[in-house]
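In: I would like the atomic coordinates for the input below:
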Amino acid sequence: MSIERRYDPYRLFNLDKFFDDFLREPFGISKEKPVYPKVDIKELENKYELTAEVPGLDKEDIKIEINKDILSLKSEKETKVEEESEKGNYIYRERSYRSFQRQFRLPENANYENINAKMENGILKVTIDKKEPEPAKTIKIE
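Out: The predicted model follows:
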């Protein structure tokens with residue numbers, strides 16, 4: 001004889017677990033999740049455009065690197081927050097430190113020598129020119 005676990009249709013509404021988790025972490029917040037900027041990549045006739053939302057960052061906070069065919073966007077920013085009005089200890093704090101790293105593989109026809117970046121109003125725009133297509137080569141048969 002074996003013991004079978006009965007199906008419990010109310011297991012999704014397990015409030016005991018919900019409240020245990022809520023009380024275990026301050027304000028019911030669990031582990032911090034990484035935040036990545038939203039990115040759009042568009043292919044145009046003679047270039048690629050990468051647009052990233054990076055609100056709250058300055059151009060000095062962002063590093064753009066290229067290694068072989070990988071384009072990397074990196075940022076690490078620590079914000080000094082001074083509050084004089086109220087004294088107390090933080091229980092949970094997300095605003096003081098922010099970092100991310102995103103990597104994108106560039107296509108074969110991307111011109112790594114001609115990449116430009118501009119930043120305006122929290123929007124980073126990286127433009128990568130395409131290489132000129134090489135003309136077809138004719139081989140003479142001997």
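
In: Show me the shaky parts of the protein.
Out: 1-35, 79-86, 90-97 (pLDDT under 70).

In: for the chain, what spans make up the helices?
Out: For the chain, the helices defined by DSSP state H occupy 15-24.

In: Lys47 contacts Val126, correct?
Out: No: taking contacts as CB atoms under 8 Å, Lys47 lies outside contact range of Val126: 10.2 Å. For every residue, glycine as well, the C-beta is placed using N, CA and C.

In: More neighbours: the two, which one.
Out: Val126 (20 against 16; other CB atoms under 10 Å).

In: if I pick the more buried one, what's in contact with it?
Out: Glu49, Leu50, Thr51, Ala52, Ile64, Leu71, Leu73, Ile115, Asn116, Ala117 (CB atoms under 8 Å, 6 or more residues apart in numbering).

In: what's the distance between the fourth one and Glu76?
Out: Remark: distance between Ala52 and Glu76 (CB to CB, to the nearest Å) = 15 Å.

In: Which residue ranges of the chain form strands?
Out: Using DSSP state E, the strands found in the chain span residues 39-43, 47-53, 62-67, 70-78, 97-105, 110-120, 123-130.

In: Can you get me a residue count around the spatially closest residue to Glu53 that is not a sequence neighbour?
Out: Distance criterion CB to CB, 6 or more residues apart in numbering; nearest residue to Glu53, sequence neighbours excluded, is Lys38 at 4.8 Å. Lys38 has 8 neighbours, counted by other CB under 10 Å.

In: Lys38 against Leu50, yeah?
Out: No: judged on CB under 8 Å, Lys38 makes no contact with Leu50 at a distance of 11.5 Å.

In: now Glu65, nearest residue through space, not along the chain?
Out: With sequence-adjacent residues excluded and distances taken as CB to CB, 6+ apart, Glu65 is closest to Ser72, at 4.6 Å.

In: same question, Leu50
Out: Val126 (4.2 Å).

In: where does the one you found sit relative to Phe104, distance-wise?
Out: Between Val126 and Phe104 the computed distance is 9 Å (CB to CB).

In: hang on, the earlier thing: put together TSV for the strands of the chain, with distance to Asn89 on each row.
Out: Output for the strands of the chain, formatted as TSV (distance: least, CB to CB, whole Å):
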stretch	distance to Asn89
strand 39-43	36
strand 47-53	32
strand 62-67	32
strand 70-78	19
strand 97-105	17
strand 110-120	36
strand 123-130	35
